[in-house]
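Asker: Return a 3D structure for these sequence lines:
(chains A, B, C and D)
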2 protein chains.
Amino acid sequence: MHSVLAYTDGGCRGNPGLGAWGYVLINVATGSALARACSEANTTNNRMELAAVLNALCALSKPDTEILIRSDSKYTIDSCSTWLAGWKKRGWKRATGPLKNVDILQQLDVELAKHGVKFEWVKGHAGDRGNEYVDGLLNECMDLGATGSIERRLQWD
Amino acid sequence: MHSVLAYTDGGCRGNPGLGAWGYVLINVATGSALARACSEANTTNNRMELAAVLNALCALSKPDTEILIRSDSKYTIDSCSTWLAGWKKRGWKRATGPLKNVDILQQLDVELAKHGVKFEWVKGHAGDRGNEYVDGLLNECMDLGATGSIERRLQWD
RNA sequence: AGACACCGAAUACC
DNA sequence: GGTATTCGGTGTCT
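Answerer: I've put the predicted structure just below:
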């Protein structure tokens, strides 16, 4: 059983506007970590928060990985761990109005099924080391413009 | 029709902390001016900026005075000239969360109705003579402690 | 009505 | 470099 800790975050300058998603994946046993961020034009904060989780999960090399994801987005956490099942059952519809970000939500549904994923909410901008690190990466990435990309290997300890 | 020019300013050591509000009222026709400042314990910068305008208006002896107020606080200017009407209409509520400094805002609503008040924003600490004068008065007043008070009559020309 | 996030602006301070 | 006082808005869901 592999054990991974992840921090994910998304941000947007303008909302909608220039955005970016980012994550750090940490191998708990060894402390070796992979950090990634990507920017995108004309997107939204919530879409980026969702994309951060999706991309983190896609980066897992082995199936059935046990992973704990820390995010500051209640929308993202509730989407993945509470609401997604209901939306799927009802044909990807919500109570009133159209369900947003369905494309990402459906990919998330697939990826979530491949692993043992747990979520934990962390308050944003409150000194949490992992959250602040990814937030910083995000902003570096947005500074690069609409097609920025950052990949870093680091030791987390 | 009386024509008055006023500079108002508020400040705070610590925010929240020891604060003070101040103003200069200038009779444009004669150049005779009245300057006042008062300090207060445990208050906020924005509250002091608001209080500066309120106290300036209360100092006007005659009703229906035409007065131009110069402040460096966009918060204060927008509150008085843009947002106040909407807050009143909606029962002193803002878009999300509680509306702060409602007590002063409501008194402001009363005083603003009594006169012909216009606002002009001036950049703080940028060499504007009136703004700098009041800022100096404020700081003298805070030097006096939590219950300081200054009143001066002067010739503005 | 609630929650979280994202942004924008100005000021005040340390 | 940081924090606090304040406001406006959008993105999203229940």
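Asker: And residue A:111, how far from DNA strand D?
Answerer: The gap separating residue A:111 from DNA strand D is 19 Å, by Cβ to the nearest atom of the strand, to the nearest Å. C-beta here means a position set from N, CA and C on the backbone, and glycine is covered the same way.
Asker: what sits against the closest residue to that residue other than its chain neighbours?
Answerer: Take residue A:111 and drop its neighbours on the chain: the residue closest to it by Cβ to Cβ, 6 or more residues apart in numbering or on different chains is residue A:57, 4.0 Å away. The contact partners of residue A:57, taken as Cβ atoms under 8 Å, 6 or more residues apart in numbering or on different chains, are A:67, A:108, A:111-112, A:114-115, A:117.
Asker: Quick check: residues of chain A near DNA strand D?
Answerer: Within reach of DNA strand D by Cβ under 7 Å from any atom of the strand, chain A has these residues: A:15-16, A:44-47, A:73, A:75, A:78-79, A:83, A:86-87, A:94-97, A:99-101.
Asker: how many neighbours does residue A:6 have?
Answerer: Residue A:6 has 25 neighbours, counted by other Cβ atoms under 10 Å in any protein chain shown.
Asker: Pretty sure it sits in a helix.
Answerer: No: under the criterion used here (DSSP: H, G, I helix; E, B strand; the rest coil), residue A:6 is strand, not part of a helix.
Asker: quick one on the thing from earlier: of the contacts of residue A:57, select the buried ones using a ChimeraX command.
Answerer: Typed into ChimeraX, the line below selects the buried ones among the contacts of residue A:57, using 16 or more other Cβ atoms under 10 Å in any protein chain shown:
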select /A:67,108,111,112,115,117
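Asker: Contacting RNA strand C as well, which ones from the contacts of residue A:57?
Answerer: Filtering these for neighbours of RNA strand C using Cβ under 7 Å from any atom of the strand leaves an empty set.
Asker: Just send the contacts of residue A:57 back as JSON lines, with secondary structure and pLDDT too.
Answerer: What follows is those, written out as JSON lines (DSSP: H, G, I helix; E, B strand; the rest coil; pLDDT from 0 to 100):
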{"residue": "A:67", "secondary structure": "strand", "pLDDT": "97"}
{"residue": "A:108", "secondary structure": "helix", "pLDDT": "97"}
{"residue": "A:111", "secondary structure": "helix", "pLDDT": "97"}
{"residue": "A:112", "secondary structure": "helix", "pLDDT": "97"}
{"residue": "A:114", "secondary structure": "helix", "pLDDT": "96"}
{"residue": "A:115", "secondary structure": "coil", "pLDDT": "96"}
{"residue": "A:117", "secondary structure": "strand", "pLDDT": "97"}
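Asker: What residue in chain A comes nearest to DNA strand D?
Answerer: Closest residue of chain A to DNA strand D, Cβ to the nearest atom of the strand: residue A:44 (3.1 Å).
Asker: so who does the closest residue to that residue other than its chain neighbours touch?
Answerer: Nearest residue to residue A:44 in three dimensions, chain neighbours excluded: residue A:16, at 5.1 Å (Cβ to Cβ, 6+ apart). Residues near residue A:16 by Cβ under 8 Å, 6+ apart: A:42-44.
Asker: what do you get for residue A:43?
Answerer: Contacts of residue A:43 by Cβ under 8 Å, 6+ apart are A:12, A:16-19.
Asker: Look at the residue located most distally from the centre of chain A and give its secondary structure.
Answerer: Distance from the C-alpha centroid of chain A, by Cα atoms, centre = their mean, peaks at residue A:96 (25.8 Å). Recorded secondary structure, residue A:96: coil (three-state DSSP).
Asker: what's the spacing between it and residue A:84?
Answerer: Between residue A:96 and residue A:84 the computed distance is 18 Å (Cβ to Cβ, to the nearest Å).
Asker: same deal with residue A:117?
Answerer: Here residue A:117 is placed at a distance of 11 Å from residue A:84 (Cβ to Cβ).
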